[in-house]
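Asker: Sequence first, predicted coordinates after that:
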Amino acid sequence: MGLVSRTHGNQGPRDLQSPNEWTRKVATYFSDSSAYWDDVYSSHTVKAQVYRNRMAVVGQWATIVGPGAAAADVGTGAGHFAVFLAERGVRVAAIDASEAMLARVAQNASRAGVADLVVPMTSDAQRLELASATCDLVVAIGLLSWVRHPELALAEMVRITKPGGHVIVTMDNALSLARWLDPGWHVSVRGLIYRIRRLVAGHPAEELPVRLPAPMTWSEFNRLLDTAGLEPLKFEAVGFGPFTFLGRTILPNRIGLRVDRLLQRLADDNVPWLKRAAIFHVALAVKPTAHDAASV
């Protein structure tokens, strides 16, 4: 591969010797729904359209590296983006905390004929099992909102990136239009709805098995990148829908698809408030070289 596993001597967060309780819960959540996450990109729902658009933006930026480059896809899920990179000759460490997801990564890589370029790796994103400065590109699609400490996960991504290498990350937007229209996005309301539904179904009331992904405003996301020592190069806003109320979709799928396409087109045309109201922030950043850092 050319990607070196991390040894115990490498620097990194010391308080995460193994996946913590939250990481295990999230891994279990995604393991239980691994079939859904493997198929979602090929479905014809609004959510799938948004995910495809997000991946298209990341894919366009990822062409900054070419054949022979080394990359890490952190929170790889079913490995669709890892396969995308490998099909372009990039060597990829496909990293996830879910064993079920990694099994799908191996299947998808083999099916695409790139198993020799994709290495599935079990790891907590907050303590990556790769050596420092080994990757030309590090990608995390949909990951940072799910980890307990996004600042630690991003710091680890920067650690494994070579000076002058690139990092592409996405973040759920706290000010998205979809969140404002549905109080069910708020953790307290969602928890109440969950408990009521369980009681109606005759099950004991209990807490949610996993929290909602934790979003950030654009300013908070920008600060996160800055704190990690990255220099942002590009930002994009992606996704408008599905629109829901208390978790229930309020538009027919056909109309929802059209609304998402229309709003995305307007956002791409730089309608200011729409760019701040999309579901996802997407950022391309570079890790400064020692020369760049010294010249600041």
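Answerer: Noted; the coordinates are in hand.

Asker: For the rest of this, base every contact and every neighbour count on C-alpha atoms.
Answerer: OK.

Asker: how about low-confidence regions in this structure?
Answerer: Applying pLDDT under 70 to the chain flags residues 1-19, 187-198, 201-212, 291-296.

Asker: Now with 50, please.
Answerer: 7-19, 294, 296 (pLDDT under 50).

Asker: before we move on, which element is the spatially most central residue of it in?
Answerer: By Cα atoms, centre = their mean, the mean C-alpha position of the chain lies nearest to residue 142, the distance being 1.9 Å. Counting by DSSP states H and E, no helix or strand carries residue 142.

Asker: Surely residue 130 touches residue 159?
Answerer: No - using Cα atoms under 8 Å as the test, residue 130 is too far from residue 159 to be in contact (9.2 Å).

Asker: Of those two, which one has the most company?
Answerer: residue 130 (24 against 21; other Cα atoms under 10 Å).

Asker: any idea how far the more buried one is from residue 121?
Answerer: With distances taken as Cα to Cα, to the nearest Å, residue 130 is found 10 Å from residue 121.

Asker: Repeat that for residue 60.
Answerer: 25 Å.

Asker: Could you do residue 147 as well?
Answerer: For residue 147, the distance to residue 121 equals 17 Å [Cα to Cα].

Asker: And the two? Which one has more around it.
Answerer: residue 121 (23 against 20).

Asker: Just list the residues touching the more buried one, thanks.
Answerer: 93-96, 102 (Cα atoms under 8 Å, 6 or more residues apart in numbering).

Asker: Can you tell me the element residue 61 falls in?
Answerer: Counting by DSSP H and E, residue 61 is part of helix 46-62.

Asker: So what touches that helix?
Answerer: Against helix 46-62 from outside (Cα under 8 Å, 6+ apart): 40-42, 81, 84-85, 137, 141, 168, 236, 238-242, 253, 256-257, 260, 280, 282, 284.

Asker: please redo it, this time with the cut-off set to 7 Å
Answerer: 40-41, 168, 238-239, 241-242, 253, 256-257 (Cα atoms under 7 Å, 6 or more residues apart in numbering).

Asker: Show me these that map onto helices.
Answerer: 253, 256-257 (DSSP state H).

Asker: show me where this protein has helices.
Answerer: Using DSSP H, helices in the chain cover 21-32, 34-39, 46-62, 80-86, 99-111, 150-160, 177-181, 187-200, 218-227, 253-268, 272-275, 290-295.

Asker: Would you mind listing the outside residues contacting the fifth one?
Answerer: So the one you mean is helix 99-111. Under Cα under 7 Å, 6+ apart, the answer for helix 99-111 is 31, 34, 77-79, 83, 96, 115, 118, 120, 122.

Asker: got a markdown table for those, with neighbour count and distance to residue 218 too?
Answerer: Converted to a markdown table, those look like this (neighbours: other Cα atoms under 10 Å; distance: Cα to Cα, whole Å):
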| residue | neighbour count | distance to residue 218 |
| --- | --- | --- |
| 31 | 19 | 30 |
| 34 | 22 | 29 |
| 77 | 30 | 25 |
| 78 | 28 | 27 |
| 79 | 28 | 27 |
| 83 | 29 | 29 |
| 96 | 26 | 26 |
| 115 | 19 | 37 |
| 118 | 27 | 32 |
| 120 | 24 | 32 |
| 122 | 18 | 30 |
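
Asker: Which two of these have the greatest separation?
Answerer: 31 and 115 (21.2 Å; Cα to Cα).

Asker: what separates the longest strand along the chain from the chain centre, distance-wise?
Answerer: Scanning the chain for the strand with the most residues, using DSSP state E, yields strand 161-172. Taking the mean of its C-alpha atoms, strand 161-172 sits 12 Å from the chain's own mean (Cα atoms, centre = their mean, to the nearest Å).

Asker: Please spell out which residues along that strand are buried.
Answerer: 161-172 (16 or more other Cα atoms under 10 Å).

Asker: Given it, what are its sheet partners and their directions?
Answerer: Strand pairing for strand 161-172, using DSSP bridges, gives strand 135-140 (parallel), strand 280-286 (antiparallel).

Asker: thinking again about what came up before, between the contacts of helix 99-111, which sits nearest residue 64?
Answerer: Closest to residue 64, out of all of the contacts of helix 99-111 and judged by Cα to Cα, is residue 83, at 16.4 Å.
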